[in-house]
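In: whatever this is, show me its structure:
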Amino acid sequence: MLQISHKIIILDRELEINAIRSQGAGGQNVNKVATAIHLRFDIEASSLPAFYKEQLLKLNDRRITQGGVIVIKAQEHRSQEQNREEALERLKQLIKSAVVLERKRKPTKPTRSSQKKRLDSKTKRGQIKCARRQVID
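Out: Predicted coordinates for the structure are as follows:
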């Protein structure tokens with residue numbers, strides 16, 4: 001069971017967790033032991049609220065397939081249990097990040113004094129560059 005918030009829980013039966021062999025270097029053990037975790041979570045078939053599902057499907061994330069399945073692969077740790085916890089934590093963070101609504105930006109105008117400062121600094125910089133020019137008699 002994965003606790004997303006106070007009211008939202010993902011049951012174990014909604015998660016498909018497979019142990020696979022890790023990639024890359026790792027010595028003798030890497031070819032014998034399946035320590036990496038491959039987690040699959042179907043957004044549409046889940047018990048998440050409709051708002052969560054919509055926001056997750058709107059995300060432009062490479063971990064979400066065209067069919068609406070989240071695929072997470074964890075292989076950083078040497079033990080299967082640590083990789084399982086890592087994969088579940090990544091899923092939790094992905095779901096939480098999808099439902100955070102960003103505040104709308106209120107466009108503002110620069111103050112008159114800031115505009116004056118900007119123009120004065122541009123003029124001063126131009127005068128410095130003008131002073132570097134070659135003097136012609």
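In: what helix or strand is the most centrally placed residue in the chain located in?
Out: Closest to where the C-alpha atoms of the chain average out (CA atoms, centre = their mean) is L94, at 6.8 Å. Element membership for L94 (DSSP states H and E) is helix 80-99.
In: tell me what that helix is packed against?
Out: Other helices and strands packing on helix 80-99, by 3 or more CB pairs under 8 Å, 6 or more residues apart in numbering; DSSP states H and E, are strand 2-3, strand 15-20, strand 36-42, helix 50-58, strand 69-74. The C-beta positions use only the backbone N, C-alpha and C, and glycine is treated the same way.
In: give me the contacts around that helix.
Out: Helix 80-99 is contacted from outside by 2, 4-5, 10, 15, 17, 19, 33-37, 39, 41, 48, 51-52, 55-56, 58-59, 61, 63, 70, 72-77, using CB atoms under 8 Å, 6 or more residues apart in numbering.
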